[in-house]
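Chemist: build me a model from this:
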Amino acid sequence: MESNKKYWKGLEELHQTPEFVESNKNEFAEELPIEKVLSEGGLNTVTPRRDFLKALGFGLGAVSLAACQRTPVHKSIPYLVKPEEVIPGIPNYYVSSYKGQSILVKTREGRPIKIEGNPSGLLGNGGTDAQAQASVLDLYDVSKLQDPQLNGSKATWDKVDSFVKGELSKVQAGGKKIRIISSTVNSPSTKAVIADFTAQYPNTKHINIDAVSYTGIIKANENSFGKAVLPRYRFDKADVIVSFGADFLGTWITPEEYTKQYVSNRNAKSLANKKMSRHIQFETGMSLTGTNADSRVPVKPSEQGLALIALYNAVTGTVLPGTQPLANTVADKVVKLAAKELVNAKGRALVVSGSNDVSIQILVNAINAALGSYGATIDLDNPSYQYAGNDAEFAEFINEMSRGEVGAVFFLDTNPAYDYFDSKAFTEALKKVDLRVSFADREDETASLCNVIAINHNYLESWGDENAFEGYYTVVQPAINPVYNSRQAEESLLTWADAPVKDYYQYVRNNWERTVLAQTGQTWRGLLQKGFIYTGEKPAGAYSFNLSLAAVVSTIVSQSKELAKDIELHVYEGSAIRDGRYANNAYLQELPDPVSKVTWDNYAAIAPKYAEKLGLSQFDLIEIKDSKGYSVVLPVLIQPGQAQGTVSIALGYGRTKAGKAGNGVGQNAYPFTSLVNGTKRYTSTVTFNKTGDTHELAQTQTHHSIEGRNVIRETTFKEYLKNPAAGSGKRTDTKEFDLWYDYEKPGQNWVMAIDLNACTGCGACIVACNVENNIPVVGRDEVRRRREMHWIRIDRYYSFEEDGKSVTEEGEIARMENLDNVKVVHQPMLCQHCDHAPCETVCPVLATVHSSDGLNYMAYNRCVGTRYCANNCPYKVRRFNWFNYWNDSRFDNYLNNEFTQLLLNPDVTPRSRGVMEKCSMCIQRIQAGKLQAKMDKRVLKDGDIKMACQQACTAGAIIFGDLNDPESEVAKALKSERTYYVLEEIGTQPGIGYQVKVRNTVEA
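Modeler: Numbering: from 1, shown residues only. This next block holds a predicted model:
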């Protein structure tokens, strides 16, 4: 690692602003509210001793002044007739499917409480994304409707059925059209239901529309190869990857699958084989994928198409007619270098683009065809069915409504009144439709415009299936009976179509038994146990590109000129709440953005140098207005790595009818999008106006400063090949002395290994830990006060090469230019379970102690909330409960209600006010694993116990196990030459080892 490399978490830390320096002088931003807590009991700090003891008592109530709230009494009700499959205290697991990924649903006493990836499934490496982990909260969402609605009032299902059937008869008699509008449906059974409904009502048409569209790729493949499909990309087969704005590790198509593939060519196993893929990213805003790239080049939206033309010319050795020079000299240079690497990796190369423009995707197809990628890294014969939306068809549907041709419309899992760019045109046209039915589970923006809301089941209450890609079929089965008076949308359609089989369970089973099960010879019972069937891949064919690119180049150049005016706007899908459908999920709202570390808001990301040019400061409120007249007011976030002259805004915010947690969070950026040549465009030009106000974002990035200590270690692939220990900081010329006594760990010695080369920073581990360990959501204001409760965080470090001139004016200019080209490292940080833990020596009541198997324990009922342990922890991983978050009306927007608390894991104690908490290394899972081995009369095996964070990680970056077992995966991992321990030089002896980040840079 270069000695002049500087790491920093945020600009305030880099520049050592007065506010940052002052806030870090006192680690605890606020004093304990002793007077307030005492006043609640009629006391104060000058209360006489006798009165104090009389009021407080001398039991455990005296242990913590900050936790002196009454505990509510809940009467337990025993089983009178216990369900046969339920054993109190023992979890049950059911296979199901989430977004095409086979999952396991953990239930306790009939309550789904946790989602895990199916370890046998084909997507996600046995892990899941953050949305899957958080989805169990949606089951208990109190914002949902409890009964179907008819004309704005609660109704019975009989009344709804009678009304809908009557209206459909009128529509059919009048010769008007019926439209079913949905997000992409890849369920074979749902497609069969729609076909049966269409057979009953022949004037029906099903239209798929996705809030974030991939129509451009599908149309480009139809134009280029005659196959209107979304390909299945194989990043695991690519030695060189060049991406133009495709955030394939964050949000693009199926990031959980791509993460598994991408990491397989960059993790410890790949490095041990002296192999590592090369990744180059061209993009406008800093994305999760961009932070993981070996080389990243900021480019404006107007430059991406021109860069692709330059890449095609360099790869093929030709010059396309109409080619325009690329003004961005850095991008032009990197494009030429990338072309050489792609050509050298012919047959093992992959170029992808996040654009939804058909012309750009056709050009990408031409480049990939020239590189021999089809049949190797791109598979058109085993396509993905995750997205099949057709932007042009939906636009024509609005025209049909406007002309009064549509008599009935059904909305399934879609919300165009919120996420369509011209929601006004949609809303006005919808008024001309007599029967408007939504299957939403709440009165959302579109459902509120409908005269029928036939509330649908949550997926955990449903039967169904999914077909994520060719040959891969997963089953959806319920883990709980319907919580409210809902009915599955498919069953409603079958009822209104007078189908012979209206019970959807039987319908799904019949459909499987006459199709996939009959073809494969498998049984329905076996399917419900395994969760999926994979019929195998078809041979992937090679495809040649034979079209003229003259019109494509002309279109790209024209659009580039049109964009290169004013300030270029780039809107993108956020990593947490995605397209907005998860806006009411508090776990995801409080999940820090992997790059900016902002929670509970979207913002206008602007490059530091450009912000300075415009006279903008951090958190300034600006009005952003486009040529159509739409405007929003958003806070400025000064973002290193952002392209000059651009602003990026996340989609998915600005909901008005999502629910308590999601309403009024951020601003809606969808109206900035447009429809160009039949596809949605996510770029435009805008102007700025300062409002003179500010809005502080709830940003976690500098809440836990490491004070410039050396906690990140990295090297290049070239240096790694010379010396596998390069960058690890290992020294053999020093002798250590210790004031602590050593002690034996005769049983297990629980430790963890984290590979920084595998961790992408996605945040799934954070949500998994929250759900597993009953970690509360505290909200925007509490996060601003540095009170987020996450046990595991992912620290994002920027870095660049310092030139030693930064104290001079010339050096400051150079530093500002460096901020355009920062490198990023993600580091998961949790309690290190140190053998010589500084927290243990300062606790006055022995609330935190060390176990004989290497863990740092917390005894909550001993803790008196001094916070000495947090102050003495160099890793800053301890959290203090300022409130009783699970039982305080100030937090009722999130998890504080009896219904939502059904989510709580009964194996983990919810912590009270005034108590310190931190990572327990999922002690409940360790104990359960030991107990199971004991019941099986066998020794504990490696892999029997997995941490929540480990199990959720699709990258396989986290390994947990017993160091005393030399054959365990963790023991082998920690023997790697790349292993180092954070702050090991201060003698804490951490129990978590990290493996050096390796970059396959140009120099390699």
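Chemist: make it CA atoms for all contacts and neighbour counts henceforth
Modeler: Noted.
Chemist: low-confidence ranges, the stretch 851-1000 of the chain, go.
Modeler: Scanning the stretch 851-1000 of the chain for pLDDT under 70 picks out no residues.
Chemist: if we use 90, what do you get?
Modeler: 852, 865, 871, 883-902, 909-910, 912, 984-988 (pLDDT under 90).
Chemist: so where do the helices sit in it?
Modeler: 868-872, 923-935, 948-952, 969-974 (DSSP state H, counting those that start in this stretch).
Chemist: tell me what the third one is packed against?
Modeler: Other elements packing on helix 948-952 under the criterion 3 or more C-alpha pairs under 8 Å, 6 or more residues apart in numbering; DSSP states H and E are strand 111-117, helix 764-772, strand 958-962.
Chemist: now the angle from the second one to strand 111-117?
Modeler: Here helix 764-772 runs at 160 degrees with respect to strand 111-117, directions being taken by axes from the mean of the first three to the mean of the last three C-alpha atoms, to 10 degrees.
Chemist: give me the buried positions along helix 764-772.
Modeler: Neighbour-count burial for helix 764-772, counted by 16 or more other C-alpha atoms under 10 Å, picks out A764, C765, I766, V767, A768, C769, N770, V771, E772.
Chemist: ditto for stretch 425-439
Modeler: Buried residues in stretch 425-439 (16+ other C-alpha under 10 Å): F426, T427, A429, L430, K432, V433, D434, L435, R436, V437, S438, F439.
Chemist: cool, stretch 556-567 as well?
Modeler: Neighbour count says stretch 556-567 has I556, V557, S560, L563, A564, I567 buried, by 16+ other C-alpha under 10 Å.
Chemist: ok so, going back, can I get the buried residues of helix 764-772 in TSV with pLDDT and distance to E257?
Modeler: Output for the buried residues of helix 764-772, formatted as TSV (pLDDT from 0 to 100; distance: C-alpha to C-alpha, whole Å):
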residue	pLDDT	distance to E257
A764	94	14
C765	95	16
I766	96	19
V767	96	19
A768	96	18
C769	96	21
N770	95	23
V771	95	23
E772	95	23
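Chemist: can you give me the strands for the stretch 51-200 of the chain?
Modeler: 92-98, 101-108, 111-117, 149-150, 153-154, 177-182 (DSSP state E, counting those that start in this stretch).
Chemist: direction included, what does the second one pair up with?
Modeler: Listed by DSSP bridges, the sheet partners of strand 101-108 and their directions read strand 92-98 (antiparallel), strand 111-117 (antiparallel).
Chemist: which one of those is the most hemmed in?
Modeler: strand 111-117 (a mean of 24; mean count of other C-alpha atoms under 10 Å).
Chemist: could you tell me which strand of the chain is the longest one?
Modeler: When secondary structure is assigned using DSSP state E, the longest strand within the chain turns out to be strand 683-694.
Chemist: what residues does that strand touch?
Modeler: 301, 563-571, 619-627, 635, 672-673 (C-alpha atoms under 8 Å, 6 or more residues apart in numbering).
Chemist: list the buried residues for it?
Modeler: If you call a residue buried by 16+ other C-alpha under 10 Å, then strand 683-694 has these buried ones: T683, S684, T685, V686, T687, K690, T694.
Chemist: distance to K99 and pLDDT added to those residues, as JSON lines?
Modeler: Shown next, in JSON lines, are the buried residues of strand 683-694 (distance: C-alpha to C-alpha, whole Å; pLDDT from 0 to 100):
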{"residue": "T683", "distance to K99": "27", "pLDDT": "92"}
{"residue": "S684", "distance to K99": "31", "pLDDT": "92"}
{"residue": "T685", "distance to K99": "34", "pLDDT": "94"}
{"residue": "V686", "distance to K99": "35", "pLDDT": "94"}
{"residue": "T687", "distance to K99": "38", "pLDDT": "93"}
{"residue": "K690", "distance to K99": "41", "pLDDT": "94"}
{"residue": "T694", "distance to K99": "39", "pLDDT": "94"}
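Chemist: turn these into a markdown table, columns for distance to C843.
Modeler: Formatted as a markdown table, those follow (distance: C-alpha to C-alpha, whole Å):
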| residue | distance to C843 |
| --- | --- |
| T683 | 55 |
| S684 | 57 |
| T685 | 57 |
| V686 | 56 |
| T687 | 55 |
| K690 | 50 |
| T694 | 41 |
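Chemist: just the helices in the stretch 251-400 of the chain please.
Modeler: Using DSSP H, counting those that start in this stretch, helices in the stretch 251-400 of the chain cover 255-264, 268-272, 288-292, 301-316, 329-344, 358-370, 391-402.
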